[in-house]
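J.: model this:
(2 chains)
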Number of protein chains: 2
Amino acid sequence: MSANLTATTEPDRTWATGNDDLTSRFARRNDVFGPSIWTEILNLFKHHTDPIYFGDGSPDKGMIPLAKLKEASAEAWASAPDCLGYGEQQGYEPLRHLIAERMRPLGVATSADRILVTSGSTQGIDLACRVFLEPGDVVLLENPTFLGATEIFRSWEARLVPIETDDQGMKIEALEAALIAEPNAKMIYTIPTFQNPTGGTMPIERRQRLVDLARARNVAILEDDPYVELRYDGLAVPPLAAFDPNVVYLGTFSKTIAPGIRCGWASAAPDVLRLLLANREVSDISNDRITMRVVYHTADGFLTGHVAGTLDVYRRRRDTMLNALSEVMPESVAWSKPDGGFFVWITLPEGMNATDLAIPAADNGVIYFPGHWFFPNHDRYNTIRLSFSTVPEDRIVEGVRRLGETIWAAG
Amino acid sequence: MSANLTATTEPDRTWATGNDDLTSRFARRNDVFGPSIWTEILNLFKHHTDPIYFGDGSPDKGMIPLAKLKEASAEAWASAPDCLGYGEQQGYEPLRHLIAERMRPLGVATSADRILVTSGSTQGIDLACRVFLEPGDVVLLENPTFLGATEIFRSWEARLVPIETDDQGMKIEALEAALIAEPNAKMIYTIPTFQNPTGGTMPIERRQRLVDLARARNVAILEDDPYVELRYDGLAVPPLAAFDPNVVYLGTFSKTIAPGIRCGWASAAPDVLRLLLANREVSDISNDRITMRVVYHTADGFLTGHVAGTLDVYRRRRDTMLNALSEVMPESVAWSKPDGGFFVWITLPEGMNATDLAIPAADNGVIYFPGHWFFPNHDRYNTIRLSFSTVPEDRIVEGVRRLGETIWAAG
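T.: The predicted model follows:
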């Protein structure tokens, strides 16, 4: 601080002890914020000296292309200071072109002018809420689904209608029934590929029917697709956005580069994109401009090959987890067999409570995400989400063994 | 894209031509978005081959500490990949400590746990709206004020009540009358130091009275303080946050480092900070984690001295602008004499329309921001905002000469 910034008059500090009156003036939307799940998780870490943690929704540290990122950072700074003013609210144009190019092989016909670069796909969800949702509007979503998304919808005072889900995503009959029961439903939120938390992928026929149903009733579709590039088996299924250009599609570099690099995107029809951008400008103006260049230089001509090179590691970890589960779990326990992504979803026998079990499991050195967090109504307690993405194979075997031991002991 | 991502089934493209039905489903809050002022500005650039641009609200490119930023970037990447996962939602802790340290000489007793790092202070305004504003809530603000802020408040469906302002900021009698007329007013938004657009600074007595009034009526104060470090004359005046710990204070590195580096902060009382953070987590999770480290390493032990070193340049530009105005303007034209910041505010004779004049001015090679943008009701047309921060002295002289010529011709 320069010398002339020193205060020359002491303000009256009568109130310096603080006062809580403003709490009565908070907006109603804030009523949804409860204690953070991270507090619960951190508490679980206190139960064991070396717990095996199956909670991460992140890529493995070893898969982050660090050397390339550093190189890309040097390239990005080479274009400074010209990129250090205000600007690029829609996103660095070469990056938008690159994103559009990367979406084409998925079957999505988009273009740079239909892309908005976001600070991760979380921001994409928030911006879509700003565009579509009034308080009380109905959002249909998978039961279970990504906890972060339900928290965003709740903060927009949406009414959440969970749709029954199996290992192929939303059951279309359940969706149709919900659309009849809620004729004013505004939005369907879905993670159709390697879903979080179930790992399931919606087959092409269901995708077509989902899009048809939404179209017929003029319901917005918000497709969250963070894991699409992480396929270990089977053939690609086109995103919903390939079936209908009105789908608002969210992508991210969080799973292919790193989540601490805040960079994702939305692809949308021009009318929607215009409002996503307008809302972006009143949220935080733009992404960090250097970061967008770092992502561009990392992705350009490199990322596709890099991601392909990581698939073997993740595939082996998934297989290791599935095999270990087969070896240790009682017959009454079932689990998903995902073709990609980061998650295996475990269903315990009815009546067994995975939330309560998290404490003995932590005592036994294994930490997982209790499944009830992922049910928008928090009304099911016999499921567990395990992530294999950041855990080495030997630790996966040992962690699943510890988990099996805990479940046997409880059963 | 890896080979297995190629779509194997062609989706039905019956609708691929698009459909606009979703436009009927947009939320009401989006009604506020009109055409961008940037379109108008870009159009003005077409009028002349070498226009002198007085529009920037940015630091000069030459003042950006580029060598230090590159060094800081290398340091930041040295802590990767450990900082590349999800995390640090409240902000990189050493950066929060540094910010609290930088605020202490201003007279504000804050601490790292009361700081939230934001993607620029724009995000701070948005988050404060999320915490406090219901649709229809009244926000009192300076008339004129920062256009970006009024757009954020409008997107939250606030009712804006502009308060008469002179060269010392809000007139306290006008504020008091407005608080009586609007007993439910929720928030006062103010830029008390080197205000945008007027350049005016609120003296200490007014600050104390403003804080008293707000306190007595339990109205939240949102203090936007981007220019405080850029003082060229006179003694520092403590921020409102120095008078009352309940003030929500917004700071930014956009004017001292660079706006393309998206990094600012909010400092608030614990109850408010908790909700700012909760809303941040459902907006975009966190700042880019590398960017926070770049800002930290740039600021640590360097930024104060760097900023002090830029003051001479800005002071000379301001003086050059004020002298040039004295030389060329008709007596009927008045302007502010700011002690800091980036802006001089010109008042033309009543009846002269600075918005209309922008076109002949552009034809004559000078571009400014018409003042009506800054009045929340867009109801005054005889003012102009000139920024001197990015224009070399010879260009300032020439630009003001061109502007004077245009005004004389119109007068």
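J.: What segments of the stretch 301-411 of chain A are strands?
T.: Ranges of strands within the stretch 301-411 of chain A are A:334-335, A:343-347, A:366-367, A:369-370, A:383-387, based on DSSP state E, counting those that start in this stretch.
J.: could those be laid out in CSV, adding mean neighbour count, mean pLDDT and distance to residue B:264?
T.: Backbone N, C-alpha and C define where each C-beta goes, glycine included. Rendered in CSV, the data for the strands of the stretch 301-411 of chain A read as follows (neighbours: other CB atoms under 10 Å in any protein chain shown; pLDDT from 0 to 100; distance: least, CB to CB, whole Å):
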stretch, mean neighbour count, mean pLDDT, distance to residue B:264
strand A:334-335, 18, 98, 45
strand A:343-347, 22, 98, 35
strand A:366-367, 24, 98, 35
strand A:369-370, 24, 97, 33
strand A:383-387, 25, 98, 33
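J.: out of these, nearest to chain B?
T.: Each of these has some distance to chain B by CB to the nearest CB; the shortest is strand A:383-387, at 12.3 Å.
J.: Mind listing the strands that closest one pairs with, and their directions?
T.: Looking at strand A:383-387 with DSSP bridges, its paired strands and their directions are strand A:343-347 (antiparallel), strand A:369-370 (antiparallel).
J.: will you turn these into JSON lines that also has distance to residue B:108?
T.: Output for these, formatted as JSON lines (distance: least, CB to CB, whole Å):
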{"stretch": "strand A:343-347", "distance to residue B:108": "45"}
{"stretch": "strand A:369-370", "distance to residue B:108": "40"}
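J.: Low-confidence regions, chain A specifically.
T.: For chain A, residues meeting the criterion pLDDT under 70 lie at A:1-20.
J.: Kindly recompute the last result at 90.
T.: Counting by pLDDT under 90, the ranges of chain A that qualify are A:1-21, A:34-39, A:79, A:411.
J.: Could you pull out the buried residues of the longest helix along it?
T.: Of all the segments of type helix in chain A, defined by DSSP state H, the longest one is helix A:303-328. Using 16 or more other CB atoms under 10 Å in any protein chain shown as the test for burial, helix A:303-328 gives A:303-304, A:306-307, A:310-311, A:313-315, A:317-322, A:324-325, A:328.
J.: residue ranges for the strands of the stretch 1-150 of chain A, please.
T.: In the stretch 1-150 of chain A, the segments counted as strands under DSSP E, counting those that start in this stretch are A:52-53, A:115-118, A:138-143.
J.: Quick check: which of the ones you listed is buried the most?
T.: When neighbours are counted by mean count of other CB atoms under 10 Å in any protein chain shown, the highest per-stretch mean among those falls to strand A:115-118, a mean of 27.
J.: Quick one: residues in contact with that strand.
T.: Identification of contacts with strand A:115-118 by CB atoms under 8 Å, 6 or more residues apart in numbering or on different chains yields A:90-92, A:95-96, A:99-100, A:124, A:127, A:250, A:263-268, A:273, A:276-277, A:280, A:286-287, A:292, B:284.
J.: mind listing which of those are in helices?
T.: In this view, these that belong to helices under DSSP H are A:95, A:96, A:99, A:100, A:124, A:127, A:273, A:276, A:277, A:280, A:292.
J.: Run a quick neighbour tally on the fifth one.
T.: To tie it back to what came earlier, the one meant is residue A:124. Applying the criterion other CB atoms under 10 Å in any protein chain shown, we find 29 residues in the vicinity of residue A:124.
J.: So it is in contact with residue A:265, correct?
T.: Yes: using CB atoms under 8 Å, residue A:124 is in contact with residue A:265, at 7.2 Å.
J.: Please identify every residue contacting each of these two.
T.: Overlap between the contact sets of residue A:124 and residue A:265, as judged by CB under 8 Å, 6+ apart, is given by A:116, A:118, A:250.
J.: now those residues in JSON lines, with distance to residue B:377?
T.: Written out in JSON lines, the entries for the shared contacts of residue A:124 and residue A:265 read as follows (distance: CB to CB, whole Å):
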{"residue": "A:116", "distance to residue B:377": "30"}
{"residue": "A:118", "distance to residue B:377": "32"}
{"residue": "A:250", "distance to residue B:377": "37"}
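J.: so which of the residues you listed comes closest to chain B?
T.: When those are ranked by distance to chain B (CB to the nearest CB), residue A:118 comes first, at 7.5 Å.
J.: That closest one and residue B:149: what is the separation?
T.: Here residue A:118 is placed at a distance of 22 Å from residue B:149 (CB to CB, to the nearest Å).
J.: same check, this time on residue A:224
T.: Distance from residue A:224 to residue B:149, by CB to CB: 31 Å.
J.: quick one on the thing from earlier: also within reach of chain B: list those from the ones in helices among the contacts of strand A:115-118.
T.: Near chain B, taking CB under 8 Å from any CB of the partner chain as the test, no member of the ones in helices among the contacts of strand A:115-118 is found.
J.: what's near enough to touch residue A:239?
T.: So residue A:239 contacts A:106, A:107, A:108, A:192, A:193, A:223, A:225, A:228, A:247, A:249 (CB under 8 Å, 6+ apart).
J.: again, 10 Å this time
T.: When contacts are counted by CB atoms under 10 Å, 6 or more residues apart in numbering or on different chains, residue A:239 touches A:103, A:106-108, A:192-193, A:207, A:223, A:225, A:228, A:247, A:249, A:251, A:267, B:7, B:11.
J.: so which residue of the stretch 301-411 of chain A comes closest to chain B?
T.: When distances are taken as CB to the nearest CB, the stretch 301-411 of chain A approaches chain B most closely through residue A:308, which lies 4.2 Å from it.
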